[in-house]
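# Sequence and predicted structure, then a few things I'm wondering about:
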Amino acid sequence: MTQTIRLRSVLLQYLGLAIAGSAAYTLSTLFSAMKPVLLTRYVEQLAHAEAVAGLIVALPFAGIACAGLLQAIHQRLTYRQISVSFGALLVLLEGVSMLTYEHLWLIMPVQFTTGICVGLLMGATSRLIATTDAAERLFGFVDMMAVLLMSAMVYGVGVAVELHGLMGGYGFATLLSLLYVSALVSLSPNGHTGYPGNRLSTATLRISWRPVLTIAMGVLFVTFSGLGFAFMFSMAADLGMGYDVAGTRIGILLFVSGFACHVGGATAARFGHKLPLTGAFICCALGWYLAVHATSQSMYLAALVPAIFSLQFSFPILLALCGALDDDGRWATIGTPLLTSGFAWAAIAAGLIYTQWGSAGIAWGTIAGMGVCGALLWWIRPRAVANGA
């Protein structure tokens, strides 16, 4: 009850920012919702090879990653200028994708650029959130909303593709992008360059190994914790679970796991970052190990709870950790898109590991990745953040 009251107080104080942040983060989960549906449809409708189709749907995530390196844009433009210009460009490019999806030479750079737009919008919003006095709770809320809305978007894009093929899928993305960008633009504050706080920030961003390794730890966690996601249905099928049953039960778990984002943000706000993340690393490794070696459907589904929930729990904590690396939140603009790109690298790494070592490789790969993340956390965390949380 106390945590609910505190979240309500934070949302009342930062209502516009919470809605804008939710809109920006949901744009990235829109890509996640579209990825499996469009991949299958490209193969069916245009007879593209799976590798080509996979590249097309992965390009937005590559664009998001590249956006994290475009720090100069955030120094020269205001938040409103970024939300208006790159939001409008995003909607335009999704509309272009709807009309030109048959042409590989065009759809690939267009989809890559949509990812850059979303990465810049996420980074700009994250920078504002990182400079508030309730960063952990706000990150938890906006991430929770993005995950919850993703469940509905998976259904929506499926219906759109079923009715109108690839044109319908990109048309669905265009309409939702327009909706989310409208929320961003209407709620974006005016200000001078070098936001937040309408201050002109002329200081050069200091590059050192601590923030670089902190962000690297976050990217590694998202990547290795996501290895098993690519083969959840394959593992379910091995246990005799049909796609319809597996889809329903895993879908429910994914939806409910969205609330773990809020729990993670609230936990970090109260206990700091180190202990909650350590616990999440352990739960993630244990969950995927048990899921891979499950001997029954009930054991498999039970193991997915810590495996899935640990990722959702940790993501807002990692975002807040990036935001705490400097007073202006500029590391948050870099870290947020890079952390998000970990979902794409997870799919690529999972394919390579599964081909070489099978499902057992997924389990041991996750364990090894969590070990590396844990070592980095305990090495850099006490010195990475000035407040010592």
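Received it, and whenever you're ready, just let me know what you need. Numbering: from 1, shown residues only.
# Next, please give the residue ranges for the strands of this protein.
Assigned strands in the chain: none (criterion: DSSP state E).
# Low-confidence ranges, this protein, go.
Scanning the chain with the threshold set as pLDDT under 70 gives 1-13, 187-207, 243-244, 381-389.
# where do the helices sit along it?
Assigned by DSSP state H, the helices in the chain fall at 2-13, 15-46, 50-67, 71-76, 79-100, 104-130, 135-187, 209-225, 232-238, 243-257, 259-271, 274-292, 297-323, 330-384.
# Put the alpha carbons of stretch 220-237 into PDB.
This file holds the C-alpha atoms of stretch 220-237, laid out as PDB (Å, rounded to 0.1, in the frame of the first residue of the first chain):
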ATOM      1  CA  LEU A 220      25.300  -7.700 -21.400                       C
ATOM      2  CA  PHE A 221      22.500  -8.400 -18.900                       C
ATOM      3  CA  VAL A 222      19.700  -7.600 -21.400                       C
ATOM      4  CA  THR A 223      21.500  -9.800 -24.000                       C
ATOM      5  CA  PHE A 224      22.200 -12.800 -21.900                       C
ATOM      6  CA  SER A 225      19.000 -12.700 -20.000                       C
ATOM      7  CA  GLY A 226      17.200 -12.700 -23.300                       C
ATOM      8  CA  LEU A 227      18.900 -15.800 -24.800                       C
ATOM      9  CA  GLY A 228      16.000 -18.100 -23.800                       C
ATOM     10  CA  PHE A 229      13.300 -15.900 -25.200                       C
ATOM     11  CA  ALA A 230      14.100 -16.900 -28.700                       C
ATOM     12  CA  PHE A 231      13.400 -20.600 -28.000                       C
ATOM     13  CA  MET A 232      10.700 -20.500 -25.400                       C
ATOM     14  CA  PHE A 233       8.200 -22.100 -27.800                       C
ATOM     15  CA  SER A 234      10.700 -24.700 -28.900                       C
ATOM     16  CA  MET A 235      11.300 -25.700 -25.300                       C
ATOM     17  CA  ALA A 236       7.600 -25.800 -24.700                       C
ATOM     18  CA  ALA A 237       7.000 -28.000 -27.800                       C
END
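# Which residue, other than its chain neighbours, is closest to Tyr180?
The shortest distance from Tyr180 to any residue other than its chain neighbours is 4.1 Å, reached at Ala23 (Cβ to Cβ, 6 or more residues apart in numbering). All C-beta spots, glycine's among them, are computed from the backbone N, C-alpha and C.
# what's the neighbour count on that neighbour?
Applying other Cβ atoms under 10 Å, we find 28 other residues in the vicinity of Ala23.
# Identify the residues contacting it.
Residues in contact with Ala23 (Cβ atoms under 8 Å, 6 or more residues apart in numbering) are Tyr180, Val181, Ala183, Leu184.
# separation between the residue lying closest to the last one once chain neighbours are set aside and Thr340?
It refers to Leu184. In space, Leu184 comes closest to Ser83 once its chain neighbours are excluded; the distance is 4.5 Å by Cβ to Cβ, 6+ apart. Ser83 sits 18 Å away from Thr340, going by Cβ to Cβ, to the nearest Å.
# Which one's more surrounded, these two?
The residue with more neighbours, out of Ser83 and Thr340, is Thr340; 29 against 26, by other Cβ under 10 Å.
# I figured the more buried one hits Ser28, correct?
Yes: taking contact to mean Cβ atoms under 8 Å, the distance of 5.3 Å between Thr340 and Ser28 places them in contact.
# can you list residues touching both of these two?
When Cβ under 8 Å, 6+ apart defines a contact, the residues bordering Thr340 and Ser28 alike are Ile64, Met122.
# related to what we said a few turns ago, tell me the spacing between the residue nearest to Leu184 and Leu27.
Ser83 sits at a distance of 11 Å from Leu27 (criterion: Cβ to Cβ).
# now Asp327
Distance of Asp327 to Leu27, computed by Cβ to Cβ: 27 Å.
# from the chain's centre, how far out does stretch 274-292 sit?
Centroid separation between stretch 274-292 and its chain, computed with Cα atoms, centre = their mean, to the nearest Å, is 19 Å.
# Buried residues, stretch 157-166. List them.
For stretch 157-166, a neighbour-count test (16 or more other Cβ atoms under 10 Å) marks Val157, Gly158, Ala160, Val161, Gly165, Leu166 as buried.
# Give me the contacts around that stretch.
Defining contact as Cβ under 8 Å, 6+ apart, one finds that stretch 157-166 is touched by 33-34, 37-38, 41-42, 45-46, 101, 168-169, 171-173.
# try 6 Å this time
Contacts of stretch 157-166 with the rest of the structure, by Cβ atoms under 6 Å, 6 or more residues apart in numbering, involve Ala33, Met34, Val37, Arg41, Gln45, Tyr101, Gly168, Gly169, Phe172.
# tally of neighbours for the fourth one?
Residues contacting Arg41 under the criterion other Cβ under 10 Å number 23.
# For it, give its distance to Gly369.
As defined by Cβ to Cβ, Arg41 lies at a distance of 31 Å from Gly369.
# Could you point out which of the buried residues of stretch 157-166 is nearest to Gly226?
Checking the buried residues of stretch 157-166 against Gly226 by Cβ to Cβ gives Val157 as the nearest, at 20.1 Å.
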